[in-house]
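Chemist: Using only what follows, build the 3D model:
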Amino acid sequence: MPEWFEDIHFWENYGPIMFDRKRWDEVPLVADGVTGIARLDLYNNTADPGGPKVLDLCCGFGRIALELARRGFSVTGVDITETYLNTGREDAAYEKLDIEFIQQDVRVFKQPNAFDLALNLYISFGYFDDPKDDLLFAKNARESLKPGGSFIIETLGKEIAVRDFVETEWFERAGYTVLTEYAPVDSWAGLKNRWILIKNGERIEKTFIQRLYSAAELRQLLFDAGFRAVELYGSWEEAPYDHRAEMLIAVGRK
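Modeler: Numbering: from 1, shown residues only. Down below sits the predicted model:
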């Protein structure tokens with residue numbers, strides 16, 4: 001039976017809601033952050049064919065992949081949603097950017113010792129039914145990195161989920177009225193999400209659970225995946241992961 005995130009209908013309808021103008025406006029900041037944390041130059045020398053190679057896992061529309069390609073990096077984006085990848089390919093072709101977009105499950109994809117940096121951004125970690133698949137995902141990312149490479153995960157830390165928890169909210173976005181309900185499951189091992197979209201009298205609904213990791217739990221997972229060192233941050237400016245953290249950023253060094 002397919003898992004919930006394999007529902008293409010969900011991503012096609014919810015994409016404009018999740019990737020709103022705020023998420024596009026923050027792209028330069030995120031690109032600065034990931035290259036800085038990875039200890040790469042903000043802008044690569046495009047004349048250097050041996051320059052850094054970036055792997056964007058669960059790349060979606062190519063939001064970050066496109067920006068890094070604009071900066072001269074060699075970028076590969078991987079996602080399971082073909083319609084998202086097609087949008088990325090169209091944007092890349094329009095801007096004459098050389099990006100490889102691959103449709104594949106991140107539990108399967110790996111290219112040993114091929115990349116200097118691997119990314120999994122915007123809360124797309126912890127969707128698999130089996131937590132062992134999260135570890136498999138991290139192991140594949142590590143295998144795809146060159147020695148010394150970095151794997152950066154941006155996610156909703158369990159500490160932040162508890163601190164900022166709200167049961168319900170509603171808002172208008174992309175022409176929809178959006179209703180959301182949240183509930184902790186299994187003693188905060190996960191967060192149940194119920195999203196309802198209403199537009200022109202039509203209603204679309206989806207319920208799913210995202211596994212939540214504390215900073216310590218995510219650090220241990222990356223160590224279990226074989227990374228030699230792990231760092232934790234609370235912002236793209238490398239602020240500490242503390243009570244003021246904006247997000248959980250975990251960095252595994254191969």
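Chemist: got the contact list for the closest residue to Glu167 other than its chain neighbours?
Modeler: The shortest distance from Glu167 to any non-neighbouring residue, by CB to CB, 6 or more residues apart in numbering, is to Tyr182 (6.1 Å). The C-beta positions use only the backbone N, C-alpha and C, and glycine is treated the same way. Residues near Tyr182 by CB atoms under 8 Å, 6 or more residues apart in numbering: 165-168, 191-194.
Chemist: quick one: Val178 from Ile196, how far?
Modeler: Plainly put, Val178 is 7 Å away from Ile196 if you go by CB to CB, to the nearest Å.
Chemist: Please parse the chain into its domains.
Modeler: 4-157+213-253, 160-209 (automatic domain parsing).
Chemist: Just the residues contacting stretch 31-51, thanks.
Modeler: Contacts of stretch 31-51 (CB under 8 Å, 6+ apart): 52, 64, 67-68, 71-74, 116-117, 119, 121, 150, 152, 231, 233, 235-238, 249, 251.
Chemist: swap that for stretch 107-119, please
Modeler: By CB under 8 Å, 6+ apart, stretch 107-119 touches 34-35, 38, 40, 52-57, 64, 76, 78, 102, 128, 133, 136-137, 140-141, 143-152.
Chemist: could you redo the last one with a cut-off of 6 Å?
Modeler: 34, 38, 52-56, 78, 133, 136-137, 140-141, 143-146, 149-152 (CB atoms under 6 Å, 6 or more residues apart in numbering).
Chemist: Which among those count as buried?
Modeler: In terms of neighbour count (16 or more other CB atoms under 10 Å), the buried residues within the contacts of stretch 107-119 are 34, 38, 52-56, 78, 133, 136-137, 140-141, 143-145, 149-152.
Chemist: would you list every one of the helices in the stretch 51-200 of the chain?
Modeler: 63-70, 82-95, 131-144, 158-163 (DSSP state H, counting those that start in this stretch).
Chemist: hmm, back to that, among the domains of the chain, show me which one is buried the most.
Modeler: Highest mean neighbour count of these: domain 4-157+213-253, a mean of 18 (counted as mean count of other CB atoms under 10 Å).
Chemist: Tell me how far that domain lies from the chain's centre.
Modeler: 5 Å (CA atoms, centre = their mean, to the nearest Å).
Chemist: avg pLDDT for it?
Modeler: When pLDDT is averaged over domain 4-157+213-253, the result is 92.
Chemist: coming back round to it: of the helices of the stretch 51-200 of the chain, which is nearest Phe223?
Modeler: helix 131-144 (9.8 Å; CB to CB).
Chemist: Would you mind pulling the contact partners of the closest one?
Modeler: With CB under 6 Å, 6+ apart, helix 131-144 has contacts from 55, 106-107, 110-112, 114-115, 118, 128, 151, 222, 225-226, 254.
Chemist: which pair in the residues you listed spans the largest distance?
Modeler: Among these, Ala114 and Phe128 lie farthest apart (CB to CB), at 23.3 Å.
Chemist: can you pull out the strands in this protein?
Modeler: Here the chain has its strands, by DSSP state E, at 53-57, 74-79, 99-103, 115-120, 145-155, 168-173, 176-185, 190-199, 202-211, 229-233, 248-253.
Chemist: Direction included, what does the second one pair up with?
Modeler: Meaning strand 74-79. strand 53-57 (parallel), strand 99-103 (parallel) (DSSP bridges).
Chemist: and of those, who's closest to Ser187?
Modeler: Using CB to CB, the nearest of these to Ser187 is strand 53-57, at 28.6 Å.
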